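> I'd like to go over a predicted model; first the sequence, then the structure.
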Amino acid sequence: MHIHFIAIGGSAMHNLAIALHKKGYRVTGSDDEIFEPSKSRLEKYALLPAVQGWQPQLIEGRPDVIILGMHARKDNPELLKAQELGLKIYSYPEYLFEQTKTKTRVVVGGSHGKTTTTSMIMHVLKFCGVNFDYMVGATIDGFDTMVNLDNDTEIAVFEGDEYLSSPIDLRPKFHHYKPNIALLTGIAWDHINVFPTFEGYVDQFGIFASMIEPDGSLIYFEGDENLRAIANQLPANVDAIPYSTHQHFVEGTTTFLVNGAKKFPLHVFGDHNLQNISGAYLVCKKLGISDEQFYKAISAFTGSSRRLEVVAKNDQCTVFYDFAHSPSKLKATTMAVKKQFSDRKLVAVMELHTFSSLKREFLPQYHLSMECADVAYVYFDAHTIEHKKLEPISASDVEDAFGGTNCKVFTNSDLLFEQLRNTEWHNCNLLIMSSGNFSGKNIKEFAQALIK
């Protein structure tokens, strides 16, 4: 079978291309720009397009399947040619379902924590010797790719993103998966460019829950009132199973899980991660993992890339790097670091980078989201706002939105990082949060230089 990817360079797209190549399919692809690490990884498997740009002549060979990435546009010449020839066109989540429709599908959704919770489930299954398919939105230790598809697996574990599937498929990605076991971590308004009202955003999770297969399960965080309402509306043939923060205690800077008379040290910390662990435990239990197996495995879990990742540390300072960018993620992540290191000062830095975060009407959602930090710095780039064709915002707009007395706003990343270099880091932690890179900064190099 010949599968052709339009926009093969995307994070999920190139990983799916590699997975299908490993499975034995003939894979080709194209893109108008491919960045690292996608470029090197595609090259490793001889999947990197020979030339850059769209090539409709590739479609004239009539591939069996076209997989269309979100990066492509509706007027993409390859897409137009595929439509003209009447070829079957899938979005990548649609094709993931096609590959796993006979398997037990576990789908983890939610506005926050879905990558980490998916990673926890994957880690436990692998630790216990279970072979499975998966798709996750981050790099995880022990896994070569972010997507895996095999012929002899019975379980598929997917991170369920609520963003759109493709330029011609405007359904949220997680509406394609039809889970047997669904987990929802919580709902906090995001993707305002696609879901302009909170009510419309919440509806997407209700639709997702309504697509759980008969005799399936919804595992959900019971502290979220919107999830409780969704759980109450499930049909009788779907189990609703709530979870909360796992029983634990903190000794020094280590968090221990409690299970009966036993305690298990963790590499991760924070209430949000203890909630993620509770959800992952219930999923793994459904998949036949024993308590003994789960707790032994989760004690060895070190986290996923850019989720409270330790990028540098010494005896007096730890620098954390986190993908957090939405208000709920900022609040949970900042609170977690402050609680775990209560005897240390905390400097928290975040970049407004996403469409939602830079939208004037969304800014009030950030009110007091970094109040747990001793010092909070917020950065945004006016050029990013201009590129996204949004209404300009000012530093005072951002400062007013965040509120509190600890917040200072920067619009020049050089000045921000100079401020950080001049800070005294004795008995003080640094938390850097962004889905961008602060206008071209190498965060890991900066952090390692800082602690020296």
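Cool, the structure landed.

> any chance you could map the helices in the chain?
Under the criterion DSSP state H, the chain contains helices at 11-22, 38-44, 77-84, 92-100, 114-127, 198-210, 225-232, 271-286, 291-298, 327-340, 382-387, 395-402, 413-421, 443-450.

> do you know which of the ones you listed lies nearest residue 241?
In terms of CB to CB, the element of those nearest to residue 241 is helix 271-286, at 5.8 Å. C-beta: built from backbone N, CA, C; applies to glycine.

> quick one: residues contacting the residue nearest to residue 408 when sequence neighbours are not counted.
In this structure, residue 408 finds its nearest non-sequential neighbour in residue 377, 5.6 Å apart by CB to CB, 6 or more residues apart in numbering. By CB atoms under 8 Å, 6 or more residues apart in numbering, the contact set of residue 377 is 347-350, 407-410, 416, 419-420.

> between those, which sits nearest residue 24?
Nearest to residue 24 among those, with distances taken as CB to CB, is residue 350, at 43.9 Å.

> who's that closest one bridged to?
Counting by DSSP bridges, residue 350 forms beta bridges with residue 378, residue 433.

> okay, the contacts of residue 377 in JSON lines with neighbour count, pLDDT and distance to residue 281 next?
Compiled in JSON lines, the contacts of residue 377 are given as follows (neighbours: other CB atoms under 10 Å; pLDDT from 0 to 100; distance: CB to CB, whole Å):
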{"residue": "347", "neighbour count": "22", "pLDDT": "98", "distance to residue 281": "34"}
{"residue": "348", "neighbour count": "29", "pLDDT": "98", "distance to residue 281": "30"}
{"residue": "349", "neighbour count": "23", "pLDDT": "97", "distance to residue 281": "33"}
{"residue": "350", "neighbour count": "29", "pLDDT": "96", "distance to residue 281": "30"}
{"residue": "407", "neighbour count": "22", "pLDDT": "94", "distance to residue 281": "37"}
{"residue": "408", "neighbour count": "14", "pLDDT": "96", "distance to residue 281": "40"}
{"residue": "409", "neighbour count": "21", "pLDDT": "97", "distance to residue 281": "40"}
{"residue": "410", "neighbour count": "21", "pLDDT": "97", "distance to residue 281": "41"}
{"residue": "416", "neighbour count": "21", "pLDDT": "97", "distance to residue 281": "40"}
{"residue": "419", "neighbour count": "15", "pLDDT": "97", "distance to residue 281": "42"}
{"residue": "420", "neighbour count": "18", "pLDDT": "97", "distance to residue 281": "38"}
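
> kindly indicate which of these lies nearest residue 13.
Nearest to residue 13 among the contacts of residue 377: residue 350, at 27.9 Å, using CB to CB.

> quick check: residue 137 touching residue 116?
No. Using CB atoms under 8 Å, residue 137 is not in contact with residue 116, being 10.1 Å away.

> what's the least confident stretch among the helices of the chain?
Ranked by mean pLDDT, the helices of the chain bottom out at helix 382-387, with a mean of 90.

> what is the burial count for the closest residue to residue 63 other than its chain neighbours?
Of all residues not flanking residue 63 in the chain, residue 4 sits nearest, at 3.9 Å (CB to CB, 6+ apart). For residue 4, the count of nearby residues is 24 (other CB atoms under 10 Å).

> residue 265 and residue 252, how far apart?
Between residue 265 and residue 252 the computed distance is 10 Å (CB to CB, to the nearest Å).
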